[in-house]
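Participant: Mind looking at a prediction? Sequence and model below.
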Amino acid sequence: MDKVDYKKSEKELYYPKKTPSVIEIPEMVFIMTDGKGNPNTSESYAQAMEILYGLSYTIKMSKMKGNQPAGYFEYVVPPLEGLWSVEGAEFDGLNITDKDKFCWTSMIRQPEFVTEEVFEWARGELQKKKPELDFSNTRLERYREGLCCQIMHLGPYDDEPATIVKMEEYIRDNGYITDITDQRRHHEIYLGDPRKTKPENLKTVIRHPVRKN
């Protein structure tokens, strides 16, 4: 049986066009971790990455340790995602000034078989290997984003505002209103690894929650 790769089986969620489109995003299971600060320099962000990938691969490899969850199937670990806001202000991806004020929720999607029990087991396993990690801001959550507008951004992260302007124009011109709240935030999905990809070749899905005007 082929591995399930959500990027391929649900292309509409991971490979939008370079022109904006409106889409209903279904409920999905995520491991999430919250933090604050500049992702380029923050120790808490680096630790969040270690936790998210550590837990995701612990679950993926669970069958090798005799702890295969009920309903387990072979799959590709989905890409890193991030929900972003700014401390003390609304954030729509355009007003990038002081990155130290970022408030972020970093997350990786999990297969439906990942329950709270599976998550707690994986956390225990990773904690034994890396007791220095702080899991207090990490959780398993079913997250439904609802109606959104999304677009594919090609290039450096700092060039995102031009793409977002294009998306916001589409939202207004098609009878929608951007509906960013504390629960529904500026959302990015990272399809390229910045450590291995030239900035001009990075692919980032940008998604904003919307509602009908």
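Facilitator: Arrived safely.
Participant: Now the longest helix seen in the chain: average pLDDT?
Facilitator: Ranked by residue count and defined by DSSP state H, the top helix of the chain is helix 43-60. Taken as a whole, helix 43-60 has an average pLDDT of 97.
Participant: Past that helix, which element shows up next along the chain?
Facilitator: Elements were assigned by DSSP states H and E; along the chain past helix 43-60, the next helix or strand is strand 80-86.
Participant: next one: that next one to chain centre, how far?
Facilitator: Computed by C-alpha atoms, centre = their mean, to the nearest Å, the separation of strand 80-86 from the middle of its chain amounts to 7 Å.
Participant: same question, stretch 184-194
Facilitator: Using C-alpha atoms, centre = their mean, the mean C-alpha position of stretch 184-194 is found 5 Å from that of the whole chain.
Participant: Please list the residues outside that stretch that contact it.
Facilitator: Where contact means C-beta atoms under 8 Å, 6 or more residues apart in numbering, the residues beyond stretch 184-194 that reach it are 7, 14-15, 79-85, 91-93, 105, 145-146, 148, 157, 180, 201-209. Where C-beta positions appear, they are placed from N, C-alpha and C, glycine not excepted.
Participant: Kindly check the end-to-end length of that stretch for me.
Facilitator: One end of stretch 184-194 to the other measures 25 Å (C-alpha to C-alpha, to the nearest Å).
Participant: so what secondary structure elements neighbour the longest helix of the chain?
Facilitator: For helix 43-60, the helices and strands in contact under the criterion 3 or more C-beta pairs under 8 Å, 6 or more residues apart in numbering; DSSP states H and E are strand 21-36, strand 102-110, helix 116-129, strand 138-154.
Participant: Tabulate those (a markdown table), appending mean pLDDT, distance to residue 54 and mean neighbour count.
Facilitator: Putting the helices and strands packed on helix 43-60 into a markdown table (pLDDT from 0 to 100; distance: least, C-beta to C-beta, whole Å; neighbours: other C-beta atoms under 10 Å) gives the following:
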| stretch | mean pLDDT | distance to residue 54 | mean neighbour count |
| --- | --- | --- | --- |
| strand 21-36 | 98 | 10 | 17 |
| strand 102-110 | 97 | 10 | 22 |
| helix 116-129 | 97 | 5 | 16 |
| strand 138-154 | 98 | 10 | 18 |
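Participant: Touching, residue 168 and residue 178? I think so.
Facilitator: Yes: judged on C-beta atoms under 8 Å, residue 168 makes contact with residue 178 at a distance of 6.5 Å.
Participant: The nearest residue to residue 71 once chain neighbours are set aside - how many residues pack around it?
Facilitator: If the residues on either side of it in the chain are set aside, residue 71 comes closest to residue 113, at 3.8 Å by C-beta to C-beta, 6 or more residues apart in numbering. Neighbour count for residue 113, taken as other C-beta atoms under 10 Å: 15.
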